[in-house]
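Participant: the sequence and its predicted three-dimensional model are supplied below.
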Amino acid sequence: MAFDQLTFRSHALRRMFQRLITPSDIRHVLRTGEVIEDYPNDSPYPSRLLLGWCDNRPLHVVAADNEEELETIIITTYEPDPDKWEFNFRKRKI
């Protein structure tokens, strides 16, 4: 689930700036991406890792939903490292 209201944590904003990832990219991943990992024990809200593609660029977005406030919180985002992720960026390498 993703709500229309997005809240960007300061960490996410720093990483977006460093990695040239735009809010539009984040919205695209939230709309079209797939959840590849769930973190149900995260606090204060369960979160998830999504994989999405912006043109030919893979992006990972960690997001959590605050259902009470109807907001999606963006925790961080990055382009997955091929040395740490399988070829399709859906599974971590062991």
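Facilitator: The structure has been received and is ready for your questions. Residues are numbered from 1 along each chain as shown.
Participant: who does the lengthiest strand in the chain touch, helix- and strand-wise?
Facilitator: With secondary structure taken from DSSP state E, the chain has its longest strand at strand 57-66. Applying 3 or more C-beta pairs under 8 Å, 6 or more residues apart in numbering; DSSP states H and E, we find strand 57-66 packed against helix 23-32, strand 47-54, strand 71-78. All C-beta spots, glycine's among them, are computed from the backbone N, C-alpha and C.
Participant: how near is the residue most central in space within the chain to I73?
Facilitator: The centre of the chain sits closest to V61, judged by C-alpha atoms, centre = their mean, with a distance of 1.1 Å. Counting by C-beta to C-beta, to the nearest Å, the gap between V61 and I73 amounts to 11 Å.
Participant: and if you look at F17?
Facilitator: Per C-beta to C-beta, F17 is found 18 Å from I73.
Participant: in TSV: the helices and strands packed on strand 57-66, plus mean neighbour count and mean pLDDT.
Facilitator: Output for the helices and strands packed on strand 57-66, formatted as TSV (neighbours: other C-beta atoms under 10 Å; pLDDT from 0 to 100):
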stretch	mean neighbour count	mean pLDDT
helix 23-32	16	97
strand 47-54	19	98
strand 71-78	20	98
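Participant: nearest to R92, of those?
Facilitator: For R92, the closest of those is strand 47-54, at 10.0 Å, according to C-beta to C-beta.
Participant: the closest one pairs with which strands, parallel or anti?
Facilitator: strand 34-39 (antiparallel), strand 57-66 (antiparallel) (DSSP bridges).
Participant: sorry, back to before: turn the helices and strands packed on strand 57-66 into TSV, columns for distance to K93.
Facilitator: TSV is the format used below for the helices and strands packed on strand 57-66 (distance: least, C-beta to C-beta, whole Å):
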stretch	distance to K93
helix 23-32	22
strand 47-54	15
strand 71-78	16
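Participant: of these, which is nearest N41?
Facilitator: Here strand 47-54 is closest among those (C-beta to C-beta), at 9.5 Å.
Participant: who's in contact with the closest one?
Facilitator: 25, 28-30, 32-39, 58-64, 73, 75, 80, 89-90 (C-beta atoms under 8 Å, 6 or more residues apart in numbering).
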